[in-house]
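Participant: sequence first, predicted model second:
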Amino acid sequence: MASFQTEGVAIVTGSAGGIGLGAANALAASGARAVVFADIDIARVQESATASKKYATNPDYEARAYQIDVTSVESVNGVFAKVVEEFGRLDYLVNSAGIDVANYVPVPDVDIADYDKVLAVNSRGILLCSQAAIAAMSKQDSRSFKTITGESRDLGRGAIVNVTSALSYAAVPGKVAYIASKHAALGITKATAQDTAGKGIRVNAICPSWVRTPMFDAESKKFPPIGDFIKAAVPVGRPAEPDEVGDSIVYLLSPAASYVNGIGLILDSGLTLTVHLGI
């Protein structure tokens, strides 16, 4: 449907792989004019940007790859300035850069340096990138969309989706830094949505449970029983695929979600229906 088209310019952080890559490719497939792949790993993100062209549906599609450190004000502002200079506007931001804890340990044994590192990427990074995006979006004209009835719908100046986690609403043992960072990310989402609604900028979060990504593979090595737990607890018996999360992100960015603001959309196949199983 036309209302699910995202025809503007997007920046996706953490897009060398995982959910970020799934989101960036989904944006290309849904008609984006340009997708900027931004990641700390410049070699991998360049490959991802080049490969995205085979999914693009906009004949004028352009893909760019930039190295970004989402914990650095200078790095973030530099990338966003380049994008606005080249394309004239920024319509969508997907904050997908994220890391997990180094080791699963109880709170008394947490390495504070690891805690600070996780919070810096997973929550500070979202705030810094959101600040840069809002500064750019606030200066540009609103866009509109013609509905199926022929009426014009105001889409505002831009939309942001923060990739958080089902653990923005819950907790598991041994991951206090990750859980704290994801609770903070959802809080940033809600606070930002309040602050920017009057500017015509929507802000939402996607909150998936397990997704088949490199981070999930690493988690499986740290905690081998996770595979059996997922089969028992998740109604469909498997993790989500990155492209499934990407499709939900596109929805939140698209005209179809023009009245959706400040939510955390749980994407868990009904896992919360079976939480009594524990972990």
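Facilitator: Perfect, thanks for sending it. Residues are numbered from 1 along each chain as shown.
Participant: so where's this protein uncertain?
Facilitator: Screening the chain residue by residue with the criterion pLDDT under 70, one finds the ranges 1-2, 273-279.
Participant: residue 49 and residue 37 touch, don't they?
Facilitator: Yes. Taking contacts as CB atoms under 8 Å, residue 49 lies within contact range of residue 37: 4.1 Å. Placement of C-beta: from N, CA and C, glycine included.
Participant: could you pull out the strands in the protein for me?
Facilitator: Ranges of strands within the chain are 9-13, 34-39, 62-67, 92-95, 143-146, 152-156, 158-163, 201-208, 264-267, based on DSSP state E.
Participant: reformat those as CSV; add distance to residue 21 and mean neighbour count.
Facilitator: Shown next, in CSV, are those (distance: least, CB to CB, whole Å; neighbours: other CB atoms under 10 Å):
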stretch, distance to residue 21, mean neighbour count
strand 9-13, 8, 30
strand 34-39, 8, 29
strand 62-67, 12, 19
strand 92-95, 11, 30
strand 143-146, 26, 15
strand 152-156, 26, 14
strand 158-163, 12, 28
strand 201-208, 14, 26
strand 264-267, 16, 19
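Participant: a markdown table for these, including distance to residue 116?
Facilitator: Listed next are the strands of the chain as a markdown table, based on distance: least, CB to CB, whole Å:
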| stretch | distance to residue 116 |
| --- | --- |
| strand 9-13 | 19 |
| strand 34-39 | 21 |
| strand 62-67 | 22 |
| strand 92-95 | 19 |
| strand 143-146 | 39 |
| strand 152-156 | 35 |
| strand 158-163 | 20 |
| strand 201-208 | 22 |
| strand 264-267 | 24 |
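Participant: returning to what we had before: anything in contact with each of residue 49 and residue 37?
Facilitator: With contacts defined as CB atoms under 8 Å, 6 or more residues apart in numbering, the residues adjacent to both residue 49 and residue 37 are 15, 24, 63, 64, 65.
Participant: what's the closest of these to residue 184?
Facilitator: For the shared contacts of residue 49 and residue 37, the minimum distance to residue 184 (CB to CB) is 21.7 Å, reached by residue 15.
Participant: buried residues, the longest helix seen in the chain. List them.
Facilitator: With residue count as the measure and DSSP state H as the assignment, the chain has helix 176-196 as its longest helix. For helix 176-196, a neighbour-count test (16 or more other CB atoms under 10 Å) marks 176-186, 188-190, 192-193, 196 as buried.
Participant: so it versus strand 201-208, what angle?
Facilitator: Counting by axes from the mean of the first three to the mean of the last three CA atoms, to 10 degrees, helix 176-196 lies at 160 degrees to strand 201-208.
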